[in-house]
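> Mind looking at a prediction? Sequence and model below.
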Amino acid sequence: MPRVQLPAVTPKHRAWNKGKIVGQKRPLLPKQVWGIRARLELAGNLRDLALFNVAIDSKLRGCDLVTLTVADLVRDERVRERVSLIQRKTNKPVQFELTENTRDTVAEWIKSPEMMGCQYMFPSRFHDRPHISTRQYGRLVRHWVTAIGLEPSGYGTHSLRRTKAAEIYRKTGNLRAVQLLLGHTKVDSTVRYLGVELEDALTIAERIDI
């Protein structure tokens, strides 16, 4: 039976990921976190420093981070140590802690002239938007990682979400704790998110002597 040669089909739209590296974005290493933080402090960029610090501590998705309000983080004129939030993606609550360094940064930021009358923690510098968009946040992350010499294609907003979670897992091996902190409903999601492999499990097992 003769083979029928089908005509080549040319896609009408360019693939969104053409020429891009896709897949899991790497978490930042502690020295990289401090590198970005130091640059933002030297530049006196309070908004971006507060955004970066809260992103690392909260482990929130970009859509939840950019819509944080002052009332979410501040109560009775004091920055809260622990915050509870309903996630937009899952509609389930998640809790996170704010370290002393982050609380100090947030306190300084909300007292700045730029925050006068602002409802949202990270207002946009475009007058028609009440807060920065997830796209703007993504551009900021690319700028931050590029500034310390990292390849931006390997990092994204999820890098900041994964950074503290990956460090907690590396130091404790406690997947359940990381699952709760990330607000995952299933531990399988946490395993995939962290990229946990058999080698990780064996390394953890080697530390235990019974």
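Arrived safely. Treat the numbers as computed from the prediction; the structure is a model and nothing was measured.

> Tell me how many other residues surround residue 138.
14 (other Cβ atoms under 10 Å). For every residue, glycine as well, the C-beta is placed using N, CA and C.

> hang on, it packs against residue 65?
No: with contact defined as Cβ atoms under 8 Å, residue 138 does not reach residue 65; the gap is 11.2 Å.

> Touching both of these two, which residues are there?
residue 157 (Cβ atoms under 8 Å, 6 or more residues apart in numbering).

> list the buried ones in the helix of greatest length in the chain?
Scanning the chain for the longest helix, with DSSP state H as the assignment, gives helix 157-172. Applying a neighbour-count criterion of 16 or more other Cβ atoms under 10 Å, one finds 157-169 buried in helix 157-172.

> for stretch 73-81, same thing?
Buried, per 16+ other Cβ under 10 Å, within stretch 73-81: 73-74, 79.

> likewise stretch 93-110?
Applying 16+ other Cβ under 10 Å to stretch 93-110 flags 94, 96, 98, 102-103, 105-106, 109-110 as buried.

> Quick one: the helices in this structure, in order.
Secondary structure of the chain (DSSP H): helices located at 30-43, 46-58, 62-65, 70-73, 100-110, 134-147, 157-172, 175-182, 187-194, 198-206.

> Single out the most deeply packed of those.
Burial of those is given as mean neighbour count (mean count of other Cβ atoms under 10 Å); helix 46-58 ranks first at a mean of 22.

> Can I get that helix as CSV, trimmed to CA atoms?
Only the C-alpha atoms of helix 46-58 are listed here, as CSV (Å, rounded to 0.1, in the frame of the first residue of the first chain):
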residue,chain,number,x,y,z
LEU,A,46,14.0,49.8,49.9
ARG,A,47,11.0,48.5,48.0
ASP,A,48,13.0,45.8,46.1
LEU,A,49,14.9,44.9,49.3
ALA,A,50,11.6,44.4,51.2
LEU,A,51,10.2,42.4,48.2
PHE,A,52,13.2,40.2,48.0
ASN,A,53,13.3,39.5,51.8
VAL,A,54,9.6,38.8,52.0
ALA,A,55,9.8,36.5,49.0
ILE,A,56,12.5,34.4,50.5
ASP,A,57,10.9,34.2,54.0
SER,A,58,7.3,33.7,52.8
